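> Coordinates for the following, if possible.
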Amino acid sequence: MDIIKTTIRNLQRLERTLAEPYSDIIRDAALMQFSYSYEAFWRMLAKHLTDHHGKIIKSPKQCFRVAFSTELINANEREICNMMTADKNMEIDENYEKNCDIVFGRLKSYAEAMGKVVGRMVV
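Below you'll find the predicted structure:
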């Protein structure tokens, strides 16, 4: 399956999960689905940047920086991508449960932002 289809499938699953009534299980499932969506999303952007701009991308941060410089994403989307990166790399510590709830509260906006970028790319 190609990376665009994988990204779309993962985003659809994330959106379906977020539509469910809140519970700890739904929160944890949504966070896991966010992780899958995020990974597919940045890899999709990286592939596009390689294929269309000759850029070799090695990390999400580099990917979002180059995607912005090539106008694949706008300034607001870059900021959201940077927030997603920080949230994706959330540390498991004494505040983990609280942090999970905070990140869960951002997932809808993350899904929307990724969806907009993917939508522009598949037109």
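> For Lys108, the count of nearby residues, please.
By other CB atoms under 10 Å, the residues close to Lys108 number 14. Every C-beta, even on glycine, is put in place using the N, C-alpha and C of the backbone.
> Likewise for the one 4 residues further on?
Neighbours of Glu112 under the rule other CB under 10 Å: 12.
> With adjacent residues omitted, what lies nearest to Ile8?
Nearest residue to Ile8, sequence neighbours excluded (CB to CB, 6 or more residues apart in numbering): Val118, at 6.2 Å.
> Also Phe104?
Spatial nearest neighbour of Phe104, chain neighbours left out: Arg27 (4.8 Å); criterion: CB to CB, 6+ apart.
> burial measure for that neighbour, as a count.
Neighbour count for Arg27, taken as other CB under 10 Å: 20.
> my guess is it meets Ile102, correct?
No - assessed by CB atoms under 8 Å, Arg27 is found out of contact with Ile102, at 10.8 Å.
> now the helices for the protein?
Using DSSP state H, the helices of the chain run over 3-18, 24-53, 60-69, 75-88, 96-121.
> how far out from the middle of the chain is the last one?
Going back to what we said before, that points to helix 96-121. 7 Å (CA atoms, centre = their mean, to the nearest Å).
> ok, now which ones touch the residue sitting nearest the centre point of the chain?
The centroid of the chain falls nearest to Tyr38 when counting by CA atoms, centre = their mean (3.0 Å). If you count contacts by CB atoms under 8 Å, 6 or more residues apart in numbering, Tyr38 has them with 60, 84-85, 88, 110, 114.
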